[in-house]
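Q: Take this sequence and fold it.
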Amino acid sequence: MSGFWIALLSGALMSIQGIFNTDVTKQTSLWVAAGWVQLSALLVCVAAWLFTGRESISALWQVENKYALLGGVIGSFITITVIRSMDSLGPARATMLIVLSQLVVSYLVEVLGIFGVEKQGLEWKKLVGILIMAAGVVLFKWE
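A: Okay, the predicted model is just below:
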């Protein structure tokens, strides 16, 4: 049950972060805002590392699938694309499309069993759920 609450918190924090980042971008620039996001995240992670355990940083070089180390690079592009989408679509519309995209890509990763994720069978009810969500995005956007 804690995973449920953590996921809801994550979604809420991502939406608020996108709004904040868009505001900072309007007052500075895209790259200054994105850089600040990554720098401040690094500072929080270093502080947390200092206070919670100090596991070996050298373990990063022992990660089996080296592509998994690209999470920070992807995070930078996430920051930039969220800022751009929220600025042009508004927070609610952008978030709906972002979540829909996350769901589609995550389901494809599960069905195809890529990136070390255990392969799951294709289920029609899940496809219908994605289509219903897409229809919800269309209804929400309809003016």
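
Q: name the element the residue most central in space within the chain belongs to?
A: Residue closest to the average C-alpha location in the chain (CA atoms, centre = their mean): I78, at 6.5 Å. When elements are assigned from DSSP states H and E, I78 belongs to helix 71-89.

Q: what packs against the helix or strand just after that helix?
A: Remark: after helix 71-89, the chain's next helix or strand is helix 91-112, criterion DSSP H and E. Under the contact definition 3 or more CB pairs under 8 Å, 6 or more residues apart in numbering; DSSP states H and E, helix 91-112 sits against helix 2-27, helix 71-89, helix 124-141. From N, CA and C alone the C-beta is placed, and that goes for glycine too.

Q: show me where pLDDT drops low in this structure?
A: Applying pLDDT under 70 to the chain picks out residues 143.

Q: Swap in 80 and give it another go.
A: The model of the chain has pLDDT under 80 over residues 1, 141-143.

Q: which non-adjacent residue is nearest G72?
A: Among residues not flanking G72 along the chain, Q38 sits closest, at 7.4 Å (CB to CB, 6 or more residues apart in numbering).

Q: What of V117?
A: Distances taken as CB to CB, 6+ apart put V109 closest to V117, at 5.4 Å, once the chain neighbours are dropped.

Q: before we move on, the earlier item: relative to S58, how far out is the residue nearest to the centre of the chain?
A: 27 Å (CB to CB, to the nearest Å).

Q: what does E64 give?
A: Applying CB to CB, the value for E64 to S58 is 15 Å.

Q: now K125
A: Distance, K125 to S58, by CB to CB: 45 Å.

Q: now swap in G11 and tell me
A: Distance from G11 to S58, by CB to CB: 34 Å.

Q: Looking at those two, which has the bigger crowd around it?
A: It is G11, of G11 and S58, that has more neighbours when counted by other CB atoms under 10 Å, with 14 against 7.

Q: Can you give me the neighbour number for the spatially closest residue to that one that is not a sequence neighbour?
A: Of all residues not flanking G11 in the chain, V99 sits nearest, at 7.3 Å (CB to CB, 6+ apart). Residues near V99, counting by other CB under 10 Å, number 15.
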